[in-house]
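Colleague: could you work out the structure for the sequence below:
(one chain, ligands or ions: 1)
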Amino acid sequence: MIIAHTIEDVRTRVKQARAEGKRIGFVPTMGYLHDGHLSLVEISKQQSDFQVMSIFVNRIQFNDKKDFESYPREHERDFALAKSAGVHLMFLPEEEEMYCNQHTFVEMESLTEHLCGATRPGHFRGVCTVVSKLFNIVQPDVAVFGRKDIQQAIIIEKMVKDLNFPLRIIIAPTIREEGGLAMSSRNKHLSPSERIRALSIYRGLLAAKSLIESGNRDVRTIIAAAQSNIESSRPEKIDYIELVSYETLAPINIMNQRAILAIAAFFGTTRLIDNMLIEKNGEHYSCVL
Ligand code: PAF
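Modeller: You can find the predicted model right below:
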């Protein structure tokens, strides 16, 4: 695995791979890799020949300085995992090169107004800006994002369409730990007891799934079922439990379309997010966690 620290080095290596007729796959990350990230590489490998991963803890997408500073960083461990997963080129941008007197930012309307966009001001401006820069540097044919961050994945898909980036976005399934906790680099911060309490997010989603799949269409009842499960494990704070349209990410009152049940809650000082995709097939709904 080649490790590149400069934009120029990445461009040279990718150009070389492309000259050899290879399709470029890209998995952008903030590091502290887990099986969720490695599953994104697996999916990328099915669609491309040369795997690029980036690790960059992107300061401008953090609305909380402490969260940025405490974000777990362990490069040697990440390199070993990425290499064994089949990454060919690891890009570790330097902050000074990425944000050298930057005056241009990518801002998206409407889809960013809800869920994490409402609770983390400026977050998606930071994500869209860094992902645009990374796409322009790496110039991949495909890029893979996890469904755990479903709002991010939908926003990036839309940005790629709106700004005519010549690449395809793949949204990959959520990978869960035993017990159902969605894998996240932030799980590292959970104490053993917080980790047990955090399983209530998954139980909340399962309770909602069972209601929806047995024919309940009342959004308030569905949300209440998820909420009572989560509240029973005494989260420090619930940022949101919302049932939103897949198309607009705006809350809906009645189940009549493809939708998402999305949750963000704090256990201890750790903010966790998770969601469930609600697929509509005619009059029948099925839920994917
Ligand atoms: O999902 C993440 O890890 C980050 O938001 C991303 C896409 C790498 C941009 O910094």
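Colleague: number of nearby residues for the closest residue to residue 162 other than its chain neighbours?
Modeller: With sequence-adjacent residues excluded and distances taken as C-beta to C-beta, 6 or more residues apart in numbering, residue 162 is closest to residue 108, at 7.7 Å. (Each C-beta comes from the backbone N, C-alpha and C, glycine too.) Using other C-beta atoms under 10 Å, residue 108 has 18 other residues around it.
Colleague: following the helix or strand hosting residue 28, which helix or strand comes up?
Modeller: Element membership for residue 28, per DSSP states H and E: strand 24-29. Once the chain leaves strand 24-29, the next helix or strand it forms, by DSSP H and E, is helix 35-47.
Colleague: partner strands of the helix or strand just after that next one, parallel or antiparallel?
Modeller: Sequence order places strand 50-55 as the next helix or strand after helix 35-47, per DSSP H and E. Its sheet considered, strand 50-55 pairs with strand 24-29 (parallel), strand 89-91 (parallel) by DSSP bridges.
Colleague: pLDDT on the very next helix or strand once past strand 50-55, on average?
Modeller: Sequence-wise, the next helix or strand downstream of strand 50-55 (DSSP H and E) is helix 65-70. Regarding helix 65-70, the rounded mean pLDDT is 95.
Colleague: ditto for stretch 110-124
Modeller: 97.
Colleague: how distant is it from the center of its chain?
Modeller: 14 Å (C-alpha atoms, centre = their mean, to the nearest Å).
Colleague: buried ones in it?
Modeller: By neighbour count on 16 or more other C-beta atoms under 10 Å, the buried set for stretch 110-124 is 111, 112, 114, 115, 116, 117, 120, 123, 124.
Colleague: what does stretch 209-226 give?
Modeller: 209, 211, 212, 219, 222, 223, 224, 225, 226.
Colleague: which of these fall within helices?
Modeller: Among those, DSSP state H puts 209, 211, 212, 219, 222, 223, 224, 225, 226 in helices.
Colleague: any idea how far the residue of the stretch 51-200 of the chain found nearest the ligand lies from residue 45?
Modeller: With C-beta to the nearest ligand atom, the shortest gap between the stretch 51-200 of the chain and the ligand falls at residue 58, namely 4.0 Å. Using C-beta to C-beta, to the nearest Å, one obtains 25 Å as the distance from residue 58 to residue 45.
Colleague: surely the residue nearest to residue 162 and residue 127 touch.
Modeller: No - with contacts counted by C-beta atoms under 8 Å, residue 108 stays clear of residue 127, the gap being 9.4 Å.
Colleague: need the residues touching each of those two.
Modeller: By C-beta atoms under 8 Å, 6 or more residues apart in numbering, residue 108 and residue 127 have these common neighbours: residue 155.
Colleague: just list the residues touching the residue nearest to residue 105 when sequence neighbours are not counted, thanks.
Modeller: If the residues on either side of it in the chain are set aside, residue 105 comes closest to residue 129, at 4.8 Å by C-beta to C-beta, 6+ apart. Residues near residue 129 by C-beta under 8 Å, 6+ apart: 60, 102, 104, 105, 106.
Colleague: great, nothing more from me.
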